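Novice: Sharing a model prediction with you, sequence too.
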Amino acid sequence: MKIFSFLQLFAATFYLFLGSLVLIKNKKLMINKVFFVLCLTTTIWHFGASMSYSATTNAMANFWGKFSYLGICFIAASGYHFIVTLLNINKGKIKKFVIFSYIFSLCFLILLFFSKYFVTDDVFHYPWGNYPKPGPLFSIFTLEFVFLWLMCPFRLFKAYRNTTSPFEKNRLKILLVGFVSVSPALMDFLPEYGINYPPIGFFFCSIWLFSMAYAVVKYRLMDIRVAVTRTGIFVVVYSLVLGLPFAVAFWLKGWLIETFRASWWVLPLGLMAALATVGPFIYIYLQRKAEDRLLADQRRYQDILKQASIGMTRIRDLQRLLDLIAHIVTKTVRISYAGIYLFDAESGEYVLQVSRDKGRLPVPKLASSNPLINWLTLKPQPLIYDEIKLKSQDSSDLVDKQLEENMRLLTAAVVIPSFLEDRLLGFIVLGEKISGQIYTQEDLNVFQVLASQAALAIENAQFYEEAKKMQEQIAQAEKMATIGTMADGLSHQINNRLYALSLIAGDTIDTIKLTDTSKCTPEVREMIGHINHALERIQANVMQGGEVVRGLLKYSREGETGLEALDLHTILNNTLEMVQYKVKLSEIDIVRDFSPNIPKIKGNLTQLEEAFFNFIDNAYDAIVERRNLLKEEAYRGRITVSALPKDNHLEIVVEDNGMGVKEGDIKKVFTPFFTTKTSSQKGTGLGLYVIKRIITETHKGQVSFESDYKVGTRFIIELPIAQ
C-alpha cells in the first residue's frame, strides 16, 4: 500500500470515529446528527481515495474514484447545513437553500453513475496514486462546491459580528479558524485537472472536523488564542520531527547510498527517533512560554484569588467577609457584576447578601425549590449561562429552559455553588468579564476553590455571630436570675412601703369619718368627698399591689424539691393567678377540657406552675402575633387544656390557635436560646429548654411538640399519675 493510500485510510477511520463519538454524545440533537452526516461523507471520500490510490488497474482505480464522489458530492451541502444548524438559523429562505443544495448534489450523484459528463472512465496516474478524469460538467460542480464552502465562513463571520456573548464569540472563532485551516484542502481538486499536486487535504480536514466537534461537544471552550498557539506550535514542532528526516532522505539519498550502501536508511531513521524523543519536550517548553505570555493577566488574578481564599478564614464579621469576597472578585477579575446568596434557615430561602453593581435590579431571593437550586444541589459544579442557553435551544427538556430563564433573571454568566460538606450553603453569581473574554476551565477551578474556602469562612463567621448572640442571651438570663434571687428582699421592701401607704390612707379615711363637716360649705364637703374616694382607691390598689408581690414571690421561690400528689385544676388555678399580671386573659378564652375527677399527678407544684406559665405565655404571644399579622375577622384567641389517663401517666395537651411555628423551626423549639417571639419584649429562648428538663428529668415524664404554621400549636405532656 502506498504511503498516501495509508494516510487516506487512516484519515477515513478517524473521521468515522469522530462523527460516531459526537452522535453518541447526544443522538437527539439535530446538530449532532448533521455533524455525523458530514463526517460520514468525508469518510467515504477518503476511503474511496485510499482504495483508488492503491488500485493496480484502470477499472478499479476508476471505480473507487467514483465511489469517493459518493461522499464528495455532499460534503459542501452537509457542511453548510451543519453551520446553519449550529447557528440556529430557522429562516425559511435558508432552509430552502439547504434543501436545494442537497438536491443539486443529488443531481451530480445521478450523473456520476448514468453519464460521463461529470466524471469520465479515464484515469490520471500520479506517482502517489490515481484520479478519475473529470467530464465537461465537473467545473460546474467545483464552482458549486466552492460557493457553498465560502458561504460557511460568511455565515460564521456574520453571526460573530452580531453576538455580544464572549462565549459565543470564542466558539465562532474556533469554527472560523477551522474553516481557514481547511482551505488548503480545496487544492485537492487540482489533480482532477491534471495538475500533479499531492493530496494533503486529509491533514487539514482533520483539523477542521476536530475543531467543529470540539465546538459542538466541548462547551467549556479553550481561549482561542491558546488554541491557535498550541496548534501552531504542534504543527511547527512535528513538521520538523517528521519532515526533516524525510527531507534528508529525499535530498541526500544518493549520498547516503554511496556512503552507507544498504544501510543508508539508518541515518534518517535515527534522526527521526532522536527528534521524536526530544519533540514532546520542545513542544511543552514552547507551549509553556507562549501561554505564560498570553495568559499573564489571567494567571495574575488567579493567584490573587488563591491568596485571598487562604486569608479569608480569619475574618469573623460575616458582612465584612461577604463584601470582601465580592470586592476581590469584581476588581481582580474585572467582572461587570457579582452577587452572593446565602441560605436563610428561618425563611428556607437563598437570600441575596451582597450585590456589586448599582445599575442592576438583582433578584432578592430564591426559594429552595427553585430549579437552579435543585440543579446545584444534585450536580455540585459551576453553571455557565452560555452552555445552558445552547442546551435549551437544542433540547426540549423543561429543566434546561428553566435553568436558562433563572440565570438570565440573575444576569449570571457563571454561577459558582458553595458547599459545606454535602450542604449547599450558598452560591456566587458572576456577570460577564469586562474584557469580553470567556471563563476558562482554569477560571472555574479557581472560583471553585474560592467558593469552598468561602464556605468555611462563612460558617466560621456565622458561628462567631451566633456565639456572640448566645453570650448576650446568657448575660440577659443571668440578669433575670439575679433579679429572681433578689425577689425576697425586693418584695419585703415593697410590702413595707405598701403597708405604710395603706396605714396612711386608712388613718386619713378614719380622720375624715370622725370629722364633723356639717358646718363646712358645700364646696369643702364636696372636696372632702373626693379626697375620701381617692384615698379608698389608693387603699384598694395597695391591696392589689400586695397580691401581685406575693404572686411574684411565689413564682420566684424554688419551692420544695419533693414530689407530691397534685390536682391539675389547682396547678391551672395557681398558674392563671400568676400569669394574669403578664397576659390579658380577657382577650382570650381558656378552655378546660377534662373531667373534674381526673387522676392526680405526682409532681412538684412550683415547677409545674412554672411549666404551665410558659405554655400559656407562649400561646398568648402566638395568638397576638396571628391577630396582628393575619388580621382575620371574628378571630379570637383560644387556649385549650385537655387531659386523659394513659396507662400509668396522665396525658395533658395544651393547644392554641395562634400563629404556629414554621416547619424549619420545629426541631429548634427546645434548643437553648431559640425563640420565635416577635414582640418588643422578645424572650430569652430558655423557657421551653428549662421546661423540658423539668418534665423529663425531675418528673420522669415526656413532652413533645406539634405545630402548623398559621393554624396553631400543641404541647403534649405526659406526667406520672400519683399512686
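Specialist: Received it, and whenever you're ready, just let me know what you need.

Novice: Next one, pLDDT for the residue lying farthest from the centre of the chain please.
Specialist: The outermost residue of the chain, judged against the average C-alpha position, is Lys519 (92.7 Å), by C-alpha atoms, centre = their mean. Listed pLDDT for Lys519 reads 77.

Novice: Could you look up the SS state of it?
Specialist: coil (DSSP: H, G, I helix; E, B strand; the rest coil).

Novice: dump the residue contacts of it.
Specialist: Applying C-beta atoms under 8 Å, 6 or more residues apart in numbering, we find Lys519 in contact with no residue. C-betas here are computed from N, CA, C, even on glycine.

Novice: any idea how far it lies from Ile512?
Specialist: 15 Å (C-beta to C-beta, to the nearest Å).

Novice: In stretch 576-586, which residues are buried?
Specialist: 576, 578-579, 583 (16 or more other C-beta atoms under 10 Å).

Novice: From the residues you listed, which shows the smallest pLDDT?
Specialist: Met578 (77).

Novice: I'd like the C-alpha coordinates of the helix or strand harbouring that residue written as PDB, please.
Specialist: Taking DSSP states H and E as the criterion, Met578 maps to helix 568-579. The C-alpha trace of helix 568-579 is given here as PDB (Å, rounded to 0.1, in the frame of the first residue of the first chain):
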ATOM      1  CA  LEU A 568     -54.500  19.600  87.600                       C
ATOM      2  CA  HIS A 569     -57.200  22.200  88.500                       C
ATOM      3  CA  THR A 570     -55.000  23.500  91.300                       C
ATOM      4  CA  ILE A 571     -52.000  23.800  89.100                       C
ATOM      5  CA  LEU A 572     -54.000  25.700  86.500                       C
ATOM      6  CA  ASN A 573     -55.700  28.000  89.000                       C
ATOM      7  CA  ASN A 574     -52.300  28.900  90.500                       C
ATOM      8  CA  THR A 575     -50.800  29.400  87.100                       C
ATOM      9  CA  LEU A 576     -53.600  31.700  85.900                       C
ATOM     10  CA  GLU A 577     -53.300  33.700  89.200                       C
ATOM     11  CA  MET A 578     -49.700  34.400  88.300                       C
ATOM     12  CA  VAL A 579     -50.000  34.800  84.500                       C
END
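
Novice: Show me how far the helix or strand following it is from its chain's centre.
Specialist: Later in the chain than helix 568-579, the nearest helix or strand by DSSP H and E is strand 588-593. Distance, stretch centre to chain centre, for strand 588-593: 49 Å (C-alpha atoms, centre = their mean, to the nearest Å).

Novice: partners of strand 588-593, with directions?
Specialist: strand 637-646 (parallel) (DSSP bridges).

Novice: quick one: contacts of the partner strand?
Specialist: Here strand 637-646 has contacts from 568, 572, 587-594, 598-599, 616, 619-620, 623-624, 626-627, 650-658, 718, 721, using C-beta under 8 Å, 6+ apart.

Novice: if you set the cut-off to 6 Å instead, what comes out?
Specialist: Around strand 637-646, the neighbours that count as contacts under C-beta atoms under 6 Å, 6 or more residues apart in numbering are 568, 588-594, 598-599, 619, 623, 650-657.

Novice: Mind giving me the PyMOL command for buried ones among those?
Specialist: To isolate the buried ones among the contacts of strand 637-646 in PyMOL, judged by 16+ other C-beta under 10 Å, type:
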select buried, resi 568+588+590+594+598+599+619+623+650+651+652+653+654+655+656+657
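
Novice: average model confidence for whichever strand or helix holds Lys469?
Specialist: Assigned by DSSP H and E, Lys469 belongs to helix 441-485. On average, the pLDDT along helix 441-485 is 71.

Novice: And Lys331, which helix or strand is it part of?
Specialist: helix 318-333.

Novice: ok, and for that helix, which residues are buried?
Specialist: Under the neighbour-count criterion of 16+ other C-beta under 10 Å, helix 318-333 has 318, 321-326, 328-330, 333 buried.

Novice: could these go into JSON lines alongside distance to Phe104 and pLDDT?
Specialist: As requested, those are arranged in JSON lines below (distance: C-beta to C-beta, whole Å; pLDDT from 0 to 100):
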{"residue": "Leu318", "distance to Phe104": "67", "pLDDT": "71"}
{"residue": "Leu321", "distance to Phe104": "65", "pLDDT": "76"}
{"residue": "Leu322", "distance to Phe104": "62", "pLDDT": "81"}
{"residue": "Asp323", "distance to Phe104": "63", "pLDDT": "82"}
{"residue": "Leu324", "distance to Phe104": "63", "pLDDT": "79"}
{"residue": "Ile325", "distance to Phe104": "59", "pLDDT": "79"}
{"residue": "Ala326", "distance to Phe104": "57", "pLDDT": "81"}
{"residue": "Ile328", "distance to Phe104": "58", "pLDDT": "78"}
{"residue": "Val329", "distance to Phe104": "53", "pLDDT": "80"}
{"residue": "Thr330", "distance to Phe104": "54", "pLDDT": "81"}
{"residue": "Val333", "distance to Phe104": "50", "pLDDT": "80"}
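
Novice: of those residues, closest to Phe260?
Specialist: When these are compared for distance to Phe260 (C-beta to C-beta), Val333 wins out at 60.4 Å.

Novice: That closest one and Lys433: what is the separation?
Specialist: Taken as C-beta to C-beta, the span from Val333 to Lys433 is 7 Å.

Novice: what are the ranges of the strands in the stretch 201-350 of the chain?
Specialist: Using DSSP state E, counting those that start in this stretch, the strands of the stretch 201-350 of the chain run over 338-344, 349-356.

Novice: Can you say which of those is nearest to Tyr80?
Specialist: The nearest among the strands of the stretch 201-350 of the chain, by C-beta to C-beta, is strand 338-344 at 41.4 Å.

Novice: Next, the angle strand 349-356 makes with the closest one.
Specialist: Interaxial angle, strand 338-344 versus strand 349-356 (axes from the mean of the first three to the mean of the last three C-alpha atoms, to 10 degrees): 150 degrees.

Novice: contacting residues around strand 338-344?
Specialist: 322, 326, 329-330, 350-356, 362, 426-430.

Novice: Quick check: end-to-end length of stretch 188-201?
Specialist: End-to-end distance for stretch 188-201, by C-alpha to C-alpha, to the nearest Å: 6 Å.

Novice: And that stretch, what's buried?
Specialist: Neighbour-count burial for stretch 188-201 [16+ other C-beta under 10 Å]: 188-189, 191-192, 199, 201.

Novice: Check stretch 410-421 too.
Specialist: 410-419.

Novice: which residues touch the closest residue to Met272 other than its chain neighbours?
Specialist: Distance criterion C-beta to C-beta, 6 or more residues apart in numbering; nearest residue to Met272, sequence neighbours excluded, is Pro245 at 3.9 Å. Contacts for Pro245 were tallied using C-beta under 6 Å, 6+ apart; they are 268, 271-272.

Novice: Kindly recompute the last result at 10 Å.
Specialist: The contact partners of Pro245, taken as C-beta atoms under 10 Å, 6 or more residues apart in numbering, are 265, 267-276.

Novice: separation between it and Ser642?
Specialist: Distance from Pro245 to Ser642, by C-beta to C-beta: 98 Å.

Novice: per-residue confidence for the residue nearest to Met272?
Specialist: 73.

Novice: Please report how far it lies from Glu258.
Specialist: For Pro245 relative to Glu258 (C-beta to C-beta), the value is 19 Å.

Novice: And the helices in the stretch 151-300 of the chain, which stretches?
Specialist: Assigned by DSSP state H, counting those that start in this stretch, the helices in the stretch 151-300 of the chain fall at 166-182, 201-217, 224-251, 253-260, 266-294, 296-311.
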